[in-house]
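Q: my questions concern the predicted model and sequence given below.
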Amino acid sequence: MHRTYWLRVIQISLTLMLIGWLVTRADWVGIRAAIHDVRWIWLSSATLLVLISHLINIVRWRLLVLPDLVSFGSILSYYSAGIFSNNFLPTGIGGDGVRIVLIRRHIGVRRAVWTVAADRALGLLGLISFGLPGLWFGPPPMVSELARNVTANQLAGVIGVVLLGAVGLIALCWRAPSMRERAVAVVRRLLPASDGAVDPSAPNWTRTILGCYGLSILSALCLVLTHSCALLAFDLHISAGAAIWLVVLGSLSMLVPITVNGLGVMESVYVVVLGYYWVLAPSALSVALFIRVLMIAFSLLGGLLSLGQNWRTDKVGSDAPLP
């Protein structure tokens, strides 16, 4: 408890420091001018696309839970409570933890953990997958600039060391019977075989996972289009790759738990990335603030939706020993 308390204090302190740095460095006159000339039709389109992305995510999670076990209304309320918790509750459990606790009312706890973890992993995979079309438009400008200062031999050496290290670690773990047995046990626990989650041994297992991955791609596409609309709203006509790298790098930056919900970190990433596309800091920060406002607005909406839920239990799952 004591350690968790100090980690939270450090996280909040870093959040305030980053926000303070952005506030003091921001050109508020330029930001006010950018907002004054904003094109509201594109902002409205961006808002609609974020709503569609959330609805797709809800459908994906329900497919992983299995539609017959939990009603769409319950899944909507649990998902809404999760996104609200990500932004407004000062807790280390996070939105995913809230979803696990709530869906536990219908299925076993291990299966609840698996559905939320799989949903999170598939969502992240869908976002990262856009790195491939992003490369077609060109890698992030900062990567290109860094690459110009790295020789081919240095790059090959780094890749070789990483690959050898990964292969060596896998081989070492597999040669040690105790470590191998632990790894297999973890996989078996993460992939429960009945009652409340997709059955890995069922014939439709692959089809369901691929379908959920396809939904992740659609959700990520909505976010890319959201950022494209945001750029157009502030009259920033730049490469389509910019929207892709904002989504990919911005999402990855929020996985680093150094601030509360990535506050300050995500905005800094946006300013840096767009700076390489010759976008002035006031316009770049305006785009970042608009995306942050969307996140907070939908979190508040999620809180309102979750308030209307009576938290009735449709079915209580079990945690019987797995075969």
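A: Yes, it's here. Numbering: from 1, shown residues only.
Q: the helices in the stretch 101-250 of the chain, which residues?
A: Along the stretch 101-250 of the chain, counting by DSSP state H, counting those that start in this stretch, helices occupy 109-129, 131-137, 141-148, 152-175, 177-190, 205-233, 240-253.
Q: list the helices and strands the longest one packs on?
A: What that stands for is helix 205-233. If you count contacts as 3 or more Cβ pairs under 8 Å, 6 or more residues apart in numbering; DSSP states H and E, helix 205-233 packs onto helix 40-65, helix 109-129, helix 240-253, helix 281-307. Heads up, the C-betas are built off the backbone N, CA and C, glycines and all.
Q: any stretches of the chain with poor pLDDT?
A: Low-confidence segments of the chain, defined by pLDDT under 70: 1-16, 18-34, 67, 88-93, 140-204, 256-263, 308-323.
Q: ok, 50 please
A: Counting by pLDDT under 50, the ranges of the chain that qualify are 1, 92, 192-196, 201, 311-323.
Q: so what's Val59 up against?
A: Leu215 (Cβ atoms under 8 Å, 6 or more residues apart in numbering).
Q: for Gly275, see how far away it is.
A: 37 Å (Cβ to Cβ, to the nearest Å).
Q: run a quick neighbour tally on the closest residue to Met17 other than its chain neighbours.
A: Distances taken as Cβ to Cβ, 6 or more residues apart in numbering place Gly264 nearest to Met17, at 7.7 Å, with adjacent residues excluded. Neighbours of Gly264 under the rule other Cβ atoms under 10 Å: 22.
Q: just use 24 as the starting number from now, easier for me
A: Right, with 24 as the first residue, what we last looked at is Gly287.
Q: any figure for the gap between Gly287 and Leu148?
A: 26 Å.
Q: got the angle between the helix or strand encompassing Met289 and helix 228-256?
A: Using DSSP states H and E, Met289 sits in helix 288-298. Counting by axes from the mean of the first three to the mean of the last three Cα atoms, to 10 degrees, helix 288-298 lies at 60 degrees to helix 228-256.
Q: packing partners for helix 288-298?
A: helix 25-48, helix 164-171, helix 263-276, helix 304-330.
Q: in PDB, please show the C-alpha coordinates belonging to the third one.
A: Right, helix 263-276. The C-alpha trace of helix 263-276 is given here as PDB (Å, rounded to 0.1, in the frame of the first residue of the first chain):
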ATOM      1  CA  ALA A 263      -2.200  11.400 -44.700                       C
ATOM      2  CA  GLY A 264       0.700   9.500 -42.900                       C
ATOM      3  CA  ALA A 265       0.600  12.200 -40.200                       C
ATOM      4  CA  ALA A 266      -2.800  11.100 -39.000                       C
ATOM      5  CA  ILE A 267      -1.600   7.500 -39.000                       C
ATOM      6  CA  TRP A 268       1.500   8.200 -36.900                       C
ATOM      7  CA  LEU A 269      -0.400  10.400 -34.500                       C
ATOM      8  CA  VAL A 270      -2.800   7.500 -33.800                       C
ATOM      9  CA  VAL A 271       0.000   4.900 -33.500                       C
ATOM     10  CA  LEU A 272       2.500   6.900 -31.600                       C
ATOM     11  CA  GLY A 273      -0.100   8.700 -29.500                       C
ATOM     12  CA  SER A 274      -1.700   5.400 -28.500                       C
ATOM     13  CA  LEU A 275       1.600   3.800 -27.600                       C
ATOM     14  CA  SER A 276       2.600   6.900 -25.500                       C
END
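Q: and it, what's buried?
A: 264-276 (16 or more other Cβ atoms under 10 Å).
Q: before we move on, what about the last one?
A: The neighbour-count check on helix 304-330 (16+ other Cβ under 10 Å) flags 304-315, 317-318, 321-322, 325-326, 328-329 as buried.
Q: next, the angle from it to helix 228-256.
A: Using the same axes, to 10 degrees: helix 304-330 against helix 228-256 is 130 degrees.
Q: helices or strands up against helix 304-330?
A: helix 51-59, helix 63-88, helix 95-111, helix 228-256, helix 288-298.
Q: so which of those helices gets nearest Val121?
A: Among the helices and strands packed on helix 304-330, helix 95-111 comes nearest to Val121, with 4.4 Å by Cβ to Cβ.
Q: restricting to C-alpha, output that closest one in PDB.
A: Listed next in PDB are the C-alpha coordinates belonging to helix 95-111 (Å, rounded to 0.1, in the frame of the first residue of the first chain):
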ATOM      1  CA  PHE A  95     -25.800  -5.500 -25.200                       C
ATOM      2  CA  GLY A  96     -27.100  -3.000 -22.700                       C
ATOM      3  CA  SER A  97     -25.000  -4.500 -19.900                       C
ATOM      4  CA  ILE A  98     -21.900  -4.600 -22.100                       C
ATOM      5  CA  LEU A  99     -22.500  -0.900 -23.000                       C
ATOM      6  CA  SER A 100     -22.800   0.100 -19.400                       C
ATOM      7  CA  TYR A 101     -19.700  -1.800 -18.300                       C
ATOM      8  CA  TYR A 102     -17.700  -0.400 -21.200                       C
ATOM      9  CA  SER A 103     -18.900   3.100 -20.400                       C
ATOM     10  CA  ALA A 104     -17.900   2.700 -16.700                       C
ATOM     11  CA  GLY A 105     -14.500   1.600 -17.900                       C
ATOM     12  CA  ILE A 106     -13.800   4.600 -20.100                       C
ATOM     13  CA  PHE A 107     -15.100   6.900 -17.400                       C
ATOM     14  CA  SER A 108     -12.700   5.300 -14.900                       C
ATOM     15  CA  ASN A 109      -9.700   5.800 -17.200                       C
ATOM     16  CA  ASN A 110     -10.100   9.500 -17.100                       C
ATOM     17  CA  PHE A 111     -11.800  10.500 -13.800                       C
END
